[in-house]
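*Asks:* Build me a structure from this.
(one chain, ligands or ions: 1)
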Amino acid sequence: MKRREFVGGVFVGGAAWGATAGSFARQNSPPRELSGSAGAEEVVIERPLAGQPHSGKVLAAIQPHADDIPFFAGGTVAKLVSEGYWGCLIRSSNDEKAGDGTVGETILNNEKDNDAVAKALGLSKVVNLEYRNHEMDGISRQEMRERLIYLIRLLKIDTVISYDPWGSYEENPDHYVTAQIVESACWMAGMAKDYPEHFAGGLQPHSVREKYYFARGPQLVNRVVDIAPWIDRKVEANLANKTQGPAGENGARLRARLAAQKLRLPILGNDDDTSNHQYIKQFVLDYDSKHLRGVPSDREIGRKYGLEWAEAFHYIGPSESMLDHYVSEHALPL
Ligand SMILES: [Zn+2]
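*Replies:* Numbering: from 1, shown residues only. Have a look, this model is predicted:
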């Protein structure tokens with residue numbers, strides 16, 4: 001993800017807020033309802049679940065760049081995996097523009113970081129689609145859609161976490177192109193006439209049933225996930241991104257820079273590991289979140305709902321057939 005100056009915000013329960021410091025005070029006010037069905041949606045708090053309720057289900061965390069899922073959904077991915085999901089990490093770009101060194105070195109370093117992200121979050125498989133970084137608005141969307149449909153059918157993906165295709169003010173083409181393709185692939189994978197060669201090869205139509213979408217800009221939020229038990233796993237995933245972004249080993253760099261000036265920050269501790277961990281947890285995910293990630297602090301999002309740490313999503317779940325209910329309650333023997 002390219003860092004940006006951005007007044008990030010979310011719509012919650014139909015109410016919009018920005019990510020400026022002053023705006024956090026508004027988060028304590030009751031959400032303002034917007035007209036229309038979307039604004040009437042309730043915000044569901046998804047809390048930790050006991051046991052392995054998601055056992056047998058398949059999760060795909062789909063990100064354009066190695067740092068997107070760790071930034072915006074690392075806690076939720078770790079939560080769902082710990083609750084029983086088998087998970088894979090799909091990265092759509094090759095991250096060739098993000099990091100120091102030559103282009104070749106940058107690609108390799110980010111590939112290694114991405115593998116480490118998957119490991120930190122408990123994801124069992126990594127698939128890199130390798131579209132050129134920053135240039136995804138020039139790709140064949142149909143080609144990438146078919147690749148995703150193949151993966152959805154092959155892995156029998158039930159749930160995806162990715163960028164919101166309706167997120168506003170997103171400047172990075174890799175983000176919005178990936179989001180739009182994910183959205184279309186999720187339903188099209190369940191159709192019986194798209195890409196029949198897949199069926200000739202033994203695959204079956206398979207729809208994605210649940211979607212968690214995150215965004216850097218204003219977004220309709222109808223689900224807030226309690227990630228408090230997994231906040232340190234989220235920190236570990238962000239620590240894995242050593243090549244690009246504001247997380248990685250920047251805590252140790254800050255500590256060294258301050259030491260050269262004969263200064264120290266007690267919050268960073270007395271060694272590099274503590275500095276890196278604390279820098280991510282306290283600054284990237286909280287105190288300087290708007291500047292470093294372009295979104296409100298995870299702690300601030302949680303505070304509104306009485307949670308310690310939280311991530312916000314536009315969640316789309318399976319629709320329930322009222323006809324089936326009606327038939328089961330009213331059908332009579334002939
Ligand atoms: Zn990104």
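*Asks:* alpha carbons only for contacts and neighbour counts from here, please
*Replies:* OK.
*Asks:* Point out where the stretch 151-300 of the chain drops to low pLDDT.
*Replies:* Within the stretch 151-300 of the chain, not a single segment meets pLDDT under 70.
*Asks:* As a check, name the ranges of all strands in the stretch 101-250 of the chain.
*Replies:* Secondary structure of the stretch 101-250 of the chain by DSSP state E, counting those that start in this stretch: the strands cover 125-131, 159-163, 210-214, 220-221, 223-226.
*Asks:* Which among those is found nearest to Leu292?
*Replies:* Ranking these by proximity to Leu292 (CA to CA) places strand 210-214 first, at 16.4 Å.
*Asks:* what's the angle between that closest one and strand 159-163?
*Replies:* On the basis of axes from the mean of the first three to the mean of the last three CA atoms, to 10 degrees, strand 210-214 is oriented at 20 degrees to strand 159-163.
*Asks:* Quick check, central residue of the protein?
*Replies:* Nearest to the geometric centre of the chain sits Ala73, at 3.5 Å (CA atoms, centre = their mean).
*Asks:* can you pull the contacts of that one?
*Replies:* With contact set as CA atoms under 8 Å, 6 or more residues apart in numbering, Ala73 has these partners: 161, 214, 311.
*Asks:* For those, pick the one with the most neighbours.
*Replies:* Greatest neighbour count in the contacts of Ala73, by other CA atoms under 10 Å, goes to Phe214: 28 neighbours.
*Asks:* so what's that one bridging to?
*Replies:* Bridge pairing for Phe214 (DSSP bridges) gives the partners Tyr163.
*Asks:* circling back to that earlier point, any idea which of the contacts of Ala73 is closest to Leu254?
*Replies:* Glu311 (26.6 Å).
*Asks:* Against Phe214, how distant is the closest one?
*Replies:* 9 Å (CA to CA, to the nearest Å).
*Asks:* tell me, what's touching those two both at once?
*Replies:* Shared contacts of Glu311 and Phe214 (CA under 8 Å, 6+ apart): 72-73.
*Asks:* Pretty sure Asn114 sits against Ala66.
*Replies:* Yes: contact criterion CA atoms under 8 Å: Asn114 and Ala66 qualify, at 5.0 Å.
*Asks:* what's the pLDDT at Glu320?
*Replies:* Reported pLDDT at Glu320 in the predicted model: 84.
*Asks:* repeat for the one 3 residues further on
*Replies:* Predicted confidence (pLDDT) for Leu323: 94.
*Asks:* and it, that one's in a helix?
*Replies:* Yes: counting by DSSP: H, G, I helix; E, B strand; the rest coil, Leu323 falls inside a helix.
*Asks:* closest to Gly201 among the contacts of Ala73?
*Replies:* Nearest to Gly201 among those, counting by CA to CA, is Ile161 at 27.3 Å.
*Asks:* Quick check: the closest one touching Ala60?
*Replies:* Yes: contact status for Ile161 versus Ala60: in contact at 6.5 Å, counting by CA under 8 Å.
*Asks:* between whichever helix in the chain runs longest and strand 125-131, what angle do the directions make?
*Replies:* Ranked by residue count and defined by DSSP state H, the top helix of the chain is helix 103-121. Calculated by the same axes, to 10 degrees, helix 103-121 forms an angle of 150 degrees with strand 125-131.
*Asks:* which of the residues in helix 103-121 are buried?
*Replies:* 106-121 (16 or more other CA atoms under 10 Å).
*Asks:* which of those residues are close to the ion?
*Replies:* By CA under 5 Å from the ion, no member of the buried residues of helix 103-121 lies near the ion.
*Asks:* of all the residues you listed, which two lie farthest apart?
*Replies:* Taking CA to CA, the two most distant members of the buried residues of helix 103-121 are Thr106 and Leu121; they sit 22.4 Å apart.
*Asks:* State the distance from Val44 to Gly104.
*Replies:* Distance of Val44 to Gly104, computed by CA to CA: 44 Å.
*Asks:* okay, now the residue nearest to Val225 when sequence neighbours are not counted: neighbour count?
*Replies:* Counting by CA to CA, 6 or more residues apart in numbering, Val225 lies nearest to Glu46, which is 4.6 Å off, once chain neighbours are set aside. Look at Glu46: counted by other CA under 10 Å, it has 14 neighbours.
*Asks:* from memory Glu46 sits against Asn222, does it?
*Replies:* No: using CA under 8 Å, Glu46 makes no contact with Asn222, being 10.4 Å away.
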